[in-house]
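Coordinates for the following, if possible.
(one chain, ligands or ions: 3)
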Amino acid sequence: MTGEAVGQVSKKLSQLGLRGRDGRDPVISGLSVDSRTVKPGHLFAALPGSAMHGAEFIPYALRMEASAVLTDRKGAEMAADAFRGWDGAVIVAEDPRAALAGAAALWFEAQPEHVVAVTGTSGKTSVATFTRQIWQALGHQAISLGTMGVEGDYHARLAHTTPEPVTLHRVLSEAAHAGVSHAAMEASSHGLDQRRLDGVRVEAGAFTNFTQDHLDYHAGFEEYFAAKALLFNHLLEDGESAVINIDSEHGRRMVDIARDRGLALTTIGQNEEALLRILGQRYDATGQDLRFSVMGQAHMVRLPLIGGFQAENVLAAMGLALASGDSAEEIIAAMPDLRTVRGRMQLAALRENGAAVFVDYAHKPGALIAALQSLRPHVMGRIVVVFGAGGDRDRGKRPLMGEAARRYADVVIVTDDNPRSEDPASIRAAIMAAAGPEATEVGDRAEAILRGVDALQPGDALLIAGKGHETGQIVGQDVYPFDDAEQASVAVAALDGRI
Ligand SMILES: CC(=O)N[C@H]1[C@@H](OP(=O)(O)OP(=O)(O)OC[C@H]2O[C@@H](n3ccc(=O)[nH]c3=O)[C@H](O)[C@@H]2O)O[C@H](CO)[C@@H](O)[C@@H]1O[C@H](C)C(=O)N[C@@H](C)C(=O)N[C@H](CCC(=O)O)C(=O)O
Ligand SMILES: Nc1ncnc2c1ncn2[C@@H]1O[C@H](COP(=O)(O)OP(=O)(O)OP(=O)(O)O)[C@@H](O)[C@H]1O
Ligand SMILES: N[C@H](CCC[C@H](N)C(=O)O)C(=O)O
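Ligands and ions are numbered 1, 2, ... in the order given. Down below sits the predicted model:
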């Protein structure tokens with residue numbers, strides 16, 4: 001960090017009304033949102049959290065020689081004793097999360113020239129990845145950023161779908177310095193609610209759909225929706241672009257929000273008013289043919305993707321690529337080369353009798369319904385499903401997922417999916433209560449997969465849902481190596497006599 005840049009950060013913080021409360025300008029050597037990462041000269045953001053207030057760690061941050069602390073009024077009061085006699089700067093902000101994001105944007109400065117963001121309950125990773133694949137096919141240096149980490153022309157691991165602002169702005173800046181011009185990122189509801197994306201210069205936002213998830217975090221459906229709406233009414237500025245799936249009532253509500261905000265709208269979906277409109281889909285064992293229209297003009301493409309909803313994701317990606325300045329013709333030419341995200345309706349194994357095994361990341365009711373319903377037209381026989389529900393997560397999802405499996409699959413096997421600190425048997429019981437009398441409970445996930453594969457007759461398909469790309473099973477504090485796709489291959493090989 002140069003002296004000039006330090007000055008800029010200090011100046012901007014003071015412009016935001018964030019001057020040290022005793023008039024001192026903070027001179028900063030880095031930013032930390034966690035006391036454990038504070039180094040001499042850092043600004044430590046002591047944020048109010050769900051479990052505790054970060055201000056509890058201010059004394060530790062001062063011992064680590066932080067030169068400034070950004071917090072709220074309560075945090076400043078909590079740390080009053082620690083600040084006495086300390087010669088650093090205390091910055092008190094009404095919304096310290098937003099202030100931290102603004103500071104991180106200034107600190108790291110560089111961002112790819114084109115940044116777009118996707119929100120919605122399901123489809124964020126797929127849309128961000130398809131957008132990045134389209135850009136790369138068109139010759140741009142591009143990344144996608146979210147649950148899978150940073151992928152494309154720059155790679156990094158991420159702990160969150162939408163990282164906290166210090167990590168996010170660092171990664172965007174590193175990617176820009178590495179020559180990346182285009183970035184498609186996921187905007188999770190937690191990320192939007194906690195202002196993690198503030199300061200990112202987003203030129204277009206997409207909304208996919210809205211079903212139940214994260215009600216352990218958001219107070220209710222309205223609050224969850226309001227968090228997603230922040231992409232359109234808070235992050236995007238006048239005249240920028242919104243790409244919205246209008247097949248649901250929530251999508252149409254989002255259109256009103258985007259209109260009020262003065263955004264340029266691209267609507268997508270089956271709805272006849274959609275600018276990018278799905279006209280028809282024909283499915284087979286390896287993918288689908290999609291007929292769609294772009295502002296009234298019809299096109300046909302072959303998509304090597306399983307699942308009807310993938311067409312919505314592809315059109316959302318198209319809307320974002322259009323908003324970033326690419327031509328419809330070139331985008332359409334790139335579509336047949338799109339590849340599914342790992343663990344999203346991924347063909348993991350084939351039995352000798354032709355039955356297919358798919359691995360999918362549906363870990364919430366809406367996604368499970370979409371995955372099962374959309375698999376149906378690709379499958380001539382029965383659909384077998386193996387799934388569970390995560391521990392320490394929204395408990396309301398469990399019976400809904402059981403009900404979804406009962407309604408949309410032919411054979412249901414309930415198993416474990418990251419029980420974390422909870423009793424796995426009680427999670428399974430909550431699902432089983434709604435999964436119907438025919439459902440089978442098999443706690444051990446490898447055995448459940450083996451049983452699912454064993455049940456497959458010619459023309460059947462197995463959907464292993466919930467873990468997608470994950471490579472571990474979290475039980476208590478331990479993470480055991482576990483990969484659904486790998487287990488599927490092992491089970492097929494064992495049952496077909498290849499091992
Ligand atoms: C519920 C939630 O989102 N929590 C996030 C939030 O933590 P919090 O404020 O509630 O944390 P807290 O534990 O109460 O601690 C308060 C503060 O003290 C600080 N602290 C804490 C301990 C310490 O020793 N020193 C210290 O400074 C923490 O950094 C925090 O700022 O702010 C922290 C810092 O920005 C995040 O790391 C943390 O993410 C936690 C780990 C998390 O798991 N979040 C998940 C649920 C999440 O964000 N998921 C979304 C969505 C995924 C999806 O769509 O499925 C995502 O974008 O990944
Ligand atoms: N457009 C869609 N409509 C409904 N369900 C979808 C859609 N796209 C994906 N899904 C389902 O959701 C799962 C997760 O997809 P994806 O990772 O793209 O979404 P996400 O929003 O990033 O999810 P998460 O928040 O869980 O990371 C898929 O495996 C599939 O089951
Ligand atoms: N980002 C999501 C992923 C859930 C995946 C599922 N396998 C589970 O553990 O519930 C979460 O942490 O809630």
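
Bridged to the nearest residue to Gly54 once chain neighbours are set aside, which residues?
Excluding its sequence neighbours, the residue lying closest to Gly54 (CB to CB, 6 or more residues apart in numbering) is Ala46, at 3.8 Å. To be clear about C-beta, it is placed using only N, CA and C from the backbone, and glycine gets the same treatment. Beta bridges link Ala46 to Thr71 when assigned by DSSP bridges.

And Thr266, by the same measure?
Bridge pairing for Thr266 - DSSP bridges - gives Val243.

ok, back up a step: so what's the residue count around the residue nearest to Gly54?
Applying other CB atoms under 10 Å, we find 28 residues neighbouring Ala46.

Can you give me the pLDDT of it?
Looking at Ala46, its pLDDT stands at 96.

Check Met432 too.
98.

I figured it hits Val442, correct?
No. Counting by CB atoms under 8 Å, Met432 stays clear of Val442, with 11.0 Å between them.

Need the overlap of contacts for the two.
Shared contacts of Met432 and Val442, defined by CB atoms under 8 Å, 6 or more residues apart in numbering, comprise Val414.

that older thread, OK, contacts around the residue nearest to Gly54?
Counting by CB under 8 Å, 6+ apart, Ala46 touches 35, 53-55, 57-58, 61, 69-71, 75, 79, 96.

I'd like to know how far it sits from Glu438.
In this structure, Ala46 and Glu438 are 53 Å apart, going by CB to CB, to the nearest Å.

Ok, Leu338 next?
Look at Leu338 and Glu438: by CB to CB, they are 37 Å apart.

Look at these two and report which has more neighbours.
Applying other CB under 10 Å to Leu338 and Glu438 shows that Leu338 carries more neighbours, namely 21 against 9.

just checking, Glu203 touches Gln111?
No. Between Glu203 and Gln111 there is no contact, the gap being 10.6 Å when judged by CB under 8 Å.

Now do the contacts for the residue of the stretch 1-150 of the chain found nearest ligand 3.
Closest approach of the stretch 1-150 of the chain to ligand 3 (CB to the nearest ligand atom) occurs at Thr147, with a separation of 6.6 Å. Thr147 makes contact with Lys124, Thr125, Thr161, Glu186, His469, according to CB under 8 Å, 6+ apart.

Enumerate every residue touching Val379.
By CB under 8 Å, 6+ apart, the neighbours of Val379 are Ala356, Gly459, Asp460, Ala461.

Now the last one: phi and psi?
With angles defined as degrees, to the nearest 10, Ala461 sits at phi -140, psi 150.

pretty sure Ser126 is touching Arg339, no?
No. Applying CB under 8 Å, one finds Ser126 not in contact with Arg339, separated by 10.8 Å.

count of neighbours near Leu197?
28.

interface residues of this structure facing ligand 3?
Residues of the chain lying close to ligand 3 by CB under 6 Å from any ligand atom are His363, Gly390, Arg393, Asp417, Asn418, Gly466, Lys467, Glu470.

export the residues you listed to a markdown table and tack on distance to ligand 2, pLDDT and neighbour count?
Below are these laid out as a markdown table (distance: CB to the nearest ligand atom, whole Å; pLDDT from 0 to 100; neighbours: other CB atoms under 10 Å):
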| residue | distance to ligand 2 | pLDDT | neighbour count |
| --- | --- | --- | --- |
| His363 | 6 | 96 | 23 |
| Gly390 | 10 | 97 | 21 |
| Arg393 | 11 | 94 | 21 |
| Asp417 | 12 | 98 | 28 |
| Asn418 | 13 | 98 | 24 |
| Gly466 | 9 | 98 | 29 |
| Lys467 | 10 | 98 | 26 |
| Glu470 | 11 | 97 | 20 |
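
which ones among those come in contact with ligand 1?
Okay, of those, nothing touches ligand 1 (CB under 6 Å from any ligand atom).

Turn those into TSV, columns for distance to Ala321 and secondary structure.
Listed next are the residues of the chain next to ligand 3 as TSV, based on distance: CB to CB, whole Å; DSSP: H, G, I helix; E, B strand; the rest coil:
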residue	distance to Ala321	secondary structure
His363	28	coil
Gly390	33	coil
Arg393	33	coil
Asp417	34	coil
Asn418	34	coil
Gly466	30	coil
Lys467	30	coil
Glu470	29	coil
